[in-house]
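>>> Following is a predicted model, sequence given first.
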Amino acid sequence: MSKPAPILVRLALAAAALVLALVPTARAQEKITYLFPAPQFLPAFAPWVLAMHKGYYKAAGLDVEFVIGKGGADVAKQVGAGNADLGGGIGDTSIIVRPNGVPVRSVALLGGGSLMQLIVRADSPIQGPKDLKGRVISVTGYQDTTYYALLGVLASVGLGKADVDAQAGGPAGVVKLFVAGTAPAMAAVPEWAVQAEREGVAIRWYPSGQYFPSMAQAIIAADETIAKRPAAIRGFVQATIRAVGEIMKDPKAAAIEYVAAVPQHKGKEAEMATILGKYAEIVYPGQAKLGAMDEARLAKLQDFYVEQGIVRAKTPVADLFTNQFVN
């Protein structure tokens, strides 16, 4: 058999190379910027960190970048202005900011419980929110949505912000004020309560949901982003919810994965397991479908905020959330 002419071989190879060049080798990753209200190494953000660490965002075709904001209200403003694609707050956030012209809504609610916990030193005479009058309360900041949840708790017992001395310490200082005894109470997320206990302070827990329908963390998006990038939002939401479900199923296993993803927590697997266990126990449960907003609960919460003067006007409830990315 005669050998093919060299020119024919070169032509065949060139044609094959051209065909390979025209076939995409991998789907392009769509860029998503997610704005956290506080440093991402806080265990409150474990679902997002785990979804990133375990490749769930990448599998959804997303190239996710985490950025740190200045509290939930500021995050909402930045997302509404288009400076970030998605961001984190709590389920209350859209109620608070939409009357001020910030066009965001919740696209996923991560749990049926409340994120904000009123934590009280056991050596204080405080037996509940009604005893906070005249007391120092440690808070993250005055633009953080957990602070607004605290205002809701106070209002439920007839108190306002002028009746207490709320001192903002930031994500690090909020616990220091409490542990030092400067503040006998703090508006906290579960990990801060666990940290105080680890430092030897006996505490009492008062979940804000016992006093008014405060909510868990939410993923928020601007109306324009929802309209233009629904597939990207759906991928992000589903990946994050998947991580929440894994924490609920096995907090200890999730803690090991979480510590592997966050160098700051190296050697703290037991502590992280305790914290994630608290989320699995009191924050994440209680939804008919994980991630879905309860419209009736949201309406009740908005009524409360308006009645107490925390929010100046009602927004149509349908404009405050969407479950399209969860269902």
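Looks like it came in fine. Numbering: from 1, shown residues only.

>>> all contacts plus neighbour counts: C-alpha atoms, from now on.
Noted.

>>> in the chain, which spans are helices?
For the chain, the helices defined by DSSP state H occupy 6-22, 46-53, 56-59, 72-80, 93-97, 145-156, 170-179, 190-198, 223-228, 230-249, 251-261, 269-278, 295-307.

>>> worst average pLDDT in these?
If you rank these by mean pLDDT, helix 6-22 sits at the bottom with a mean of 50.

>>> Hmm, I203 and E197 touching each other?
Yes. If you go by C-alpha atoms under 8 Å, E197 and I203 touch, sitting 7.0 Å apart.

>>> Just want to know which of those two has more residues nearby.
More crowded of E197 and I203, by other C-alpha atoms under 10 Å: I203, with 18 against 14.

>>> What's opposite that one in the beta bridge?
When bridges are called by DSSP bridges, I203 pairs up with R121.

>>> Run through the residues that contact it.
Shown in contact with I203 (C-alpha atoms under 8 Å, 6 or more residues apart in numbering): I119, V120, R121, A122, A193, A196, E197.

>>> what about G169, neighbour count?
That count, for G169 with other C-alpha under 10 Å as the rule, works out to 17.

>>> Provide a list of residues in contact with it.
Counting by C-alpha under 8 Å, 6+ apart, G169 makes contact with S138, V139, T140, G141, L177.

>>> now F41
F41 is in contact with V262, Q264, counting by C-alpha under 8 Å, 6+ apart.

>>> Ok, the one 10 residues further on next?
Residues near A51 by C-alpha under 8 Å, 6+ apart: Y57, A239, T240, R242, A243.

>>> Would you mind measuring from the third one to V104?
Using C-alpha to C-alpha, to the nearest Å, we find T240 at a distance of 19 Å from V104.

>>> Looking at those two, which is more packed in?
V104 (29 against 24).

>>> Let's see the pLDDT reported for the closest residue in space to the more buried one that isn't next to it in sequence.
Nearest non-adjacent residue to V104, counting by C-alpha to C-alpha, 6 or more residues apart in numbering: A222, 4.2 Å away. Listed pLDDT for A222 reads 98.

>>> Likewise for P24?
We have a pLDDT of 42 for P24.

>>> cool, and I219?
pLDDT, I219: 98.

>>> need the contact list for it.
The contact partners of I219, by C-alpha under 8 Å, 6+ apart, come to L86, G87, G88, G89, I90, S106, V107, A108, L109, V237.

>>> And it, how far from A166?
Using C-alpha to C-alpha, we find I219 at a distance of 27 Å from A166.

>>> again, but for F321
Distance from F321 to A166, by C-alpha to C-alpha: 30 Å.

>>> Likewise for M215?
21 Å.

>>> More neighbours: these two, which one.
Legend: neighbour count by other C-alpha under 10 Å for M215 and A166, higher for M215 (28 against 23).
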